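>>> Attaching a predicted model along with its sequence, questions to come.
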Amino acid sequence: MNCLKRICLVAALSAVGCDASSNNLSSEDAAAVSAKKVVIAHRGASGYLPEHTIAAKAMAYAQGADYIEQDLVMTKDEKLVVLHDRHLDTVTNVAGLFPDRHRADGRYYVIDFTLDEIRQLSVFERFEMKEGVATPVFKDRFPLGKSSFRVHTFSEEIELIQGLNSSTGKSVGIYPEIKSPAFHRDEGKDIAAATLSVLKQYGYDEKTDKIFLQCFDASELQRIHDELMPELHMDLPLVQLMGTEEEYRWMLSKNGVQHLATYVDGIGPSASLLIAPDSTVSEIKVTKLVALAHAAGLQVHPYTFRRERNQMPPFAKDYDDFLRIFFDQVGVDGVFTDFPDLTARFVEADQ
Ligand code: G3P
Ligand code: CA
């Protein structure tokens, strides 16, 4: 964690408050926790296959995920594609195929390419350039440059999941995230309206449908709740994402959480907002955020649960212990994970 992030996290935790004695859920909290803990496949089974590829989504489905996540960004011709970044250069060969199409900052933006152009790209495991060499962010995951993967649209992914629901008889949900609505607006695009339009087209329009719609942008979520969904006769469960930065700090107080409950059904905090960083194996200091959220009737789905040792907090002995702490001591209702198989196995054994 860099210095700035750590300062933000410490400030955020002082706002939410920590209480080592709150490890056990009160009966009121326990009642608010949904009976079935949910496994949300973060960008698919991204611990095993390049993130947000159709292969990673099919694997997540087969591994027992309850929900599969789609991060959404928009192309020049206003198609929604499933990619985490506004940029193409962190997971594709765009720089090799379209070397002159970067902006002044050197980045290649999804919004500057048509869907037909984006479909020509190969997708790889996430990488960063180090001294001119493409280096995987997660070194023990799917090897860089192997096999063949492509970018796909939001509609294509919904059709995959609904198709598998039809052929297996299961009912796996979707968990789309609207990425950077303010950026898209500055580019002349209404990504929230486009997302709702696709969802309605595929039959997601009621609170009871197997979907959570998530976003980091609080004002955009309020707009979705107050304006867009009523106009479209939709009422979907919404989730407010929270990072450790200053802009989310107001959400951590009792008043803040109660305000969130006026327009969302759940929160998706960074896991680091739920346990104080000075916790140890023998003393887990749980913050008050889950209790505040449950008291306000909100579900809590933190991110991101990964099995690599350097991706887990030091107070977790191993991945199962990481999950045990958050499900059994903190009392979360589900987690975003790169490893749906390990997490589904834990949840099944833990019920
Ligand atoms: O949406 C939950 C989690 O995925 C948020 O983080 O950056 O992976 O989209 P990010
Ligand atoms: Ca996401």
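Alright, I've got the coordinates. Ligands and ions are numbered 1, 2, ... in the order given.

>>> I'd like to know how far the nearest residue to P176 once chain neighbours are set aside sits from D265.
Leaving aside its chain neighbours, P176 sits nearest to Q70 (4.5 Å; criterion: Cβ to Cβ, 6 or more residues apart in numbering). For the C-beta atoms, the positions are set from N, CA and C on the backbone; glycine is no exception. According to Cβ to Cβ, to the nearest Å, Q70 and D265 sit 18 Å apart.

>>> who has more neighbours, those two?
Ranked by neighbour count (other Cβ atoms under 10 Å), Q70 and D265 place Q70 first, with 27 against 18.

>>> does the more buried one really touch F154, like I thought?
Yes. Q70 sits in contact with F154 when judged by Cβ atoms under 8 Å, with a separation of 6.0 Å.

>>> Now do the shared contacts for these two.
Shared contacts of Q70 and F154 (Cβ atoms under 8 Å, 6 or more residues apart in numbering): 82, 176.

>>> Any part of stretch 83-91 near ligand 2?
No. In terms of Cβ under 5 Å from the ion, no part of stretch 83-91 sits within range of ligand 2; the closest distance is 6.6 Å.

>>> could you give the mean pLDDT of that stretch?
In this model, stretch 83-91 has a mean pLDDT of 98.

>>> same question, stretch 265-276
Mean predicted confidence for stretch 265-276 is 98.

>>> for stretch 42-49, same thing?
98.

>>> For T195, see how far away Y109 is.
For Y109 relative to T195 (Cβ to Cβ), the value is 19 Å.

>>> okay, these two: which has more neighbours?
T195 (24 against 21).

>>> show me the contacts for that one.
Counted by Cβ under 8 Å, 6+ apart, T195 has contacts 72, 80, 154, 176, 178, 213.

>>> Angles on the backbone of the residue in the stretch 101-250 of the chain that ligand 1 sits nearest to, please.
For the stretch 101-250 of the chain and ligand 1, the shortest gap (Cβ to the nearest ligand atom) falls at E177, measuring 4.7 Å. Dihedral angles of E177 (phi, psi; degrees, to the nearest 10) stand at phi -120, psi 130.

>>> what does A56 give?
The phi/psi pair for A56 (degrees, to the nearest 10) is phi -70, psi -30.

>>> where's the residue nearest to F142 when sequence neighbours are not counted, which helix or strand?
Spatial nearest neighbour of F142, chain neighbours left out: E125 (4.8 Å); criterion: Cβ to Cβ, 6+ apart. Using DSSP states H and E, E125 sits within no helix or strand.

>>> Use 7 as the first number for this chain going forward.
Understood, numbering begins at 7; the last thing we discussed is E131.

>>> Surely E131 is in contact with K145?
No. Counting by Cβ under 8 Å, E131 does not reach K145; the two are 9.8 Å apart.

>>> Look at those two and report which has more neighbours.
Neighbour tally, E131 and K145, criterion other Cβ under 10 Å: the higher count belongs to E131, 22 against 11.

>>> Next one: that one, what pLDDT does it get?
With respect to pLDDT, E131 has a value of 98.

>>> and the gap between it and ligand 2?
Here the distance between E131 and ligand 2 works out to 17 Å (Cβ to the ion, to the nearest Å).
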